[in-house]
Structures are given as structure tokens and as C-alpha cells.
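K.L.:
Predicted model, plus sequence, below.
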Amino acid sequence: MRRTRSVAGRGRQTSEPGTGQHTRPGNPVEVVDAGRQPRARAGRRLRPDRRRRERPGRPRMDPRDMWSEALAGVLARPVRSALTTLGTVLGIGTLVITIGVASTAANQIVGRFDALTATSVAVTVPPPRPGSDGPPLVDWSGVQAVERLAGVVSAAALAESDGTRNVQVRANDVVAPGELTAQTLAVVAAGPTLPAAVRGTMVTGRFYDAGDIARHERVAVLGDQAARLLGIDDVRDAPAVFFRGQSFTVIGVLGGFRREQRLSTSVILPPTTAADRMGLAHVTQVLVNTSLGAARQVARQAPIALSPGKEDALTVVAPPDLSKARKGVQGDVNGLFLVLGFVSLVVGAIGIANVTLVTVMERVGEIGLRRALGASRRQVAGQFLAESTTIGLLGGVIGAALGIVVVVCVAGVKDWTPVLDLRLALGAPPVGAFVGLLAGLYPSLRAARMEPVDALRAPS
């Protein structure tokens, strides 16, 4: 038997069941069972006009249970899940591969630009005016002043003219009747440091030296393409070339031109010999190689060293700013491949959305049962969103790993240094999860809008 006692400051009233007596409002109360000690004492005043309202609610789902069910749902259909994940793998993998290969290729292109173009300076000397008897703007010894500049690696002077650009050259002095043995080649004069200036190598023989120049020797060096056209591949027997009624002994073949490739089809003569035999007496161009980062400074100082007081008459070709060229190359290449990567990613998202929608249609009965057991629309939508996000996350992880492996393999085959952005590798899985989340929005909303009765009645 339970009774309620009202405890006031001076006395106590008891209400027995059926007696109709009640405690007065405003007094503290305690609830006891008959024959037992009081269980609890109220520490506040009860007001009979206030009633405690219990809010109706739905059972809450633990997020861990939701994600475990999502993973179980993905693994329940391994073949379908693998095919669905393949779309995201290809999308994320393509994105990582394209950006990684683009960055690696851009780094290689810029590296070559740095090693060649960024260290090449050319000074063009205008031809002397007709009737001018004064000294030339640049003489052959002026190259030595350029070589003494800080940052200069090598330099060489060239002499060319329009009259020697197309010369009929033969490899022997016996012409068979009706047989064409002559080749149209250019004849130029160059200083003894030309091989270093053009970054070339001697294929066979040697290049002429200061002694040959001082003695006005009738020797010549052929470019590798000119030697091939004339059928000369060995100079040990001292072959000769003939043009304009004169003969010149071939002492070497120069090849491997990394700049001024036009000289590969030329006959190169010592300056003194060219001046005596061909009239090539005036320097027309000076080629300068610099150390990395010194090209622009050398370009400002070279004209002064070559022709003091008349440097404004010379034309200097210097490489562009390296930082701008680097950003331009990388930006263009990355922009192109980034578009291709995003297109692949969209295709993967469409695949996830399609398979998730098919899954919703196949699980209509399950959705109705969940709703009938008290699951809310939000919980149903969250379940399918978790599954699509899981698929996207798995695709992102696998795609990122696959992309990194492909980039490293491509770089290894090409003998390049692989360039991988750590942010791209770490950001690929979240991007895949986000793509899966977006792809699952419509199917999950469609599942959440199903009425329990209609879902249970739907044929399975």
C-alpha cells in the first residue's frame, strides 16, 4: 500500500487510499510504501496544475552501427560494389595520373629549358656599311673579353654572308658524266672554341686550333649532316672537299649540336682561311654560354666587352625570365590534364549514382520494414548516403594508390624525376568520398520519401 505524507513545518498529514484526503498544495511531500521507510523525499514543491510532459521520439541510431551496416551492404554484393568502385577508381586514378604526369613532364620541360635556353646568349653584329674603311665593330679577339666576364662558360665568334649560304660542295675532284655528286651547303668561319659554344662533340677527327689559324691552313671541319651528304665518315685518309675551285682537307666532323643546329649542314673554316679564300672577314654573330642564372647579366655586359662605346649598335638575344616561363609551362600543361581528370571523375560519379538508385529499388521492402519499425526518413537517407560515401572513399583510396604507382612507373621508364604533390595524394580519398556523397543524394532522398505502407506493399 502506498501513501503520501505532507511534511510541513509543524505537523504531518497522511492521505490513505480511498479517504479522499489530500495534502495541501505548496507543502513538500514524500512517497512511502506501507510498512517501509520512505523511498525518496521531494526537494521541491509540487504544484497540482503542472504535469510533466514526455516528448514522443524515435529510437536513435548509433553512427557506428550505421557505418557498419553501410560497409556490410557494400560487401554483401562484392561484384556490383567492385564495378561501382571501379568508376571512382578510374576517375580518381586518372586525376592523380594526369596531374602527376603533367607536373613531372612540366618539370622535365622546364629543366631542359633551364639547361639550354636559359643559359644561351647571342650577340648579332650588323654588317659593315658599304665603303666603310674603319675597323669592324667586333673583331675575332673580342671574344676573349667576353670569356673573362663573370658567369660565362664558353663563347665563340661566327662569320657568315649571303654569298656563302648556298655553295656547291663536292667530296672529290673527279665528276662522272651525268652523275650529280655536289651538295648545296653553307660555308662559315668560326673561332676554335665553336664546339663548346654549340655544346657539340667531335664525331671523328679534331677541330682546328690556334696553330692552324695562324698558319692559314686550308683545312675544314664538316657538320655531321654535311659529312653524311658527302659520304665522308672517316678522316684518317685526309679526304678533301672542293668548292669554288679550291680544295680543303677535312680534319674532323662535328656533331651533337645542342644549339645552332643549322651548322650541322655547314662547312666550317678557320677565320684566316675563310677571310683569304671566301672573303668572310667580319664577325656576324657571337655565341655565349653562361652558368644558370647569369644569362641576363651577361647579356647586358657582353656588348660593352665586345665593342666599347658602340655597344648600342649590337643586338642581344637573351632568354626570358625563368620564373614566368616555368609558371606558364606548368600552368598550361596542368590545366589541360586537369580537365580530363575531372571528366573521368564525373563519369565515376554517374556510375555510383546509377548503382545506388538500383540498390534503392531492390531494397524497397527493407526500407518499408525499417520505417515500420520506427526508423525516420533521415535515418533511411543516411543509410544510403553512408553506403555511397563508402564506395567513393574506397575508390578514392585505390585510385590514389594506383595513380601514384603509374606516375612513378612512367617517370622510371622515361628516366624522369617523378613529381608528386602530397596534397593531391592525401586529398584524393576525401574527394572520392565527397563524390560518392553527392552521387548518393538523389537515391537517398528517393528512399527517404517512400511511405512505409507503400514500400511494404511493393513487390520484392
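P.N.:
That came through fine. Numbers count the residues shown, from 1 in each chain.

K.L.:
Now do the strand ranked longest in the chain: which elements does it pack against?
P.N.:
Longest strand in the chain by number of residues (criterion: DSSP state E): strand 246-255. For strand 246-255, the packing partners by 3 or more Cβ pairs under 8 Å, 6 or more residues apart in numbering; DSSP states H and E come out as strand 201-205, strand 219-223, helix 224-230, strand 240-243, strand 266-269. C-beta coordinates here come from the backbone N, C-alpha and C atoms, glycine included.

K.L.:
Parallel or antiparallel, list what pairs with the first one.
P.N.:
What it means is strand 201-205. strand 246-255 (antiparallel) (DSSP bridges).

K.L.:
what residues does the strand it pairs with touch?
P.N.:
For strand 246-255, the surrounding residues in contact (Cβ atoms under 8 Å, 6 or more residues apart in numbering) are 173, 194-195, 198, 200-208, 218-224, 227, 232-233, 235, 238-242, 263-264, 267-269, 273, 277.

K.L.:
export the helices and strands packed on strand 246-255 to TSV and tack on mean pLDDT and mean neighbour count?
P.N.:
Below are those laid out as TSV (pLDDT from 0 to 100; neighbours: other Cβ atoms under 10 Å):
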stretch	mean pLDDT	mean neighbour count
strand 201-205	95	16
strand 219-223	96	27
helix 224-230	94	21
strand 240-243	93	20
strand 266-269	96	26
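
K.L.:
In CSV, list those along with distance to Gly348.
P.N.:
Output for the helices and strands packed on strand 246-255, formatted as CSV (distance: least, Cβ to Cβ, whole Å):
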stretch, distance to Gly348
strand 201-205, 51
strand 219-223, 54
helix 224-230, 51
strand 240-243, 65
strand 266-269, 56
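
K.L.:
closest one to Gly142 among these?
P.N.:
Minimum separation from Gly142 across these (Cβ to Cβ) falls at strand 266-269, 19.2 Å.

K.L.:
any idea which helix or strand carries the residue lying closest to Thr94 once chain neighbours are set aside?
P.N.:
Among residues not flanking Thr94 along the chain, Ser344 sits closest, at 3.9 Å (Cβ to Cβ, 6 or more residues apart in numbering). Using DSSP states H and E, Ser344 sits in helix 322-362.

K.L.:
what's downstream of that helix, the next helix or strand?
P.N.:
Once the chain leaves helix 322-362, the next helix or strand it forms, by DSSP H and E, is helix 364-372.

K.L.:
how about that following helix as PDB, C-alpha atoms only?
P.N.:
This file holds the C-alpha atoms of helix 364-372, laid out as PDB (Å, rounded to 0.1, in the frame of the first residue of the first chain):
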ATOM      1  CA  VAL A 364      12.100  -1.200 -51.200                       C
ATOM      2  CA  GLY A 365      10.800  -3.900 -48.800                       C
ATOM      3  CA  GLU A 366      13.700  -3.400 -46.500                       C
ATOM      4  CA  ILE A 367      13.000   0.400 -46.500                       C
ATOM      5  CA  GLY A 368       9.400  -0.200 -45.700                       C
ATOM      6  CA  LEU A 369      10.300  -2.500 -42.800                       C
ATOM      7  CA  ARG A 370      12.700   0.000 -41.400                       C
ATOM      8  CA  ARG A 371      10.200   2.700 -41.500                       C
ATOM      9  CA  ALA A 372       7.500   0.500 -39.900                       C
END
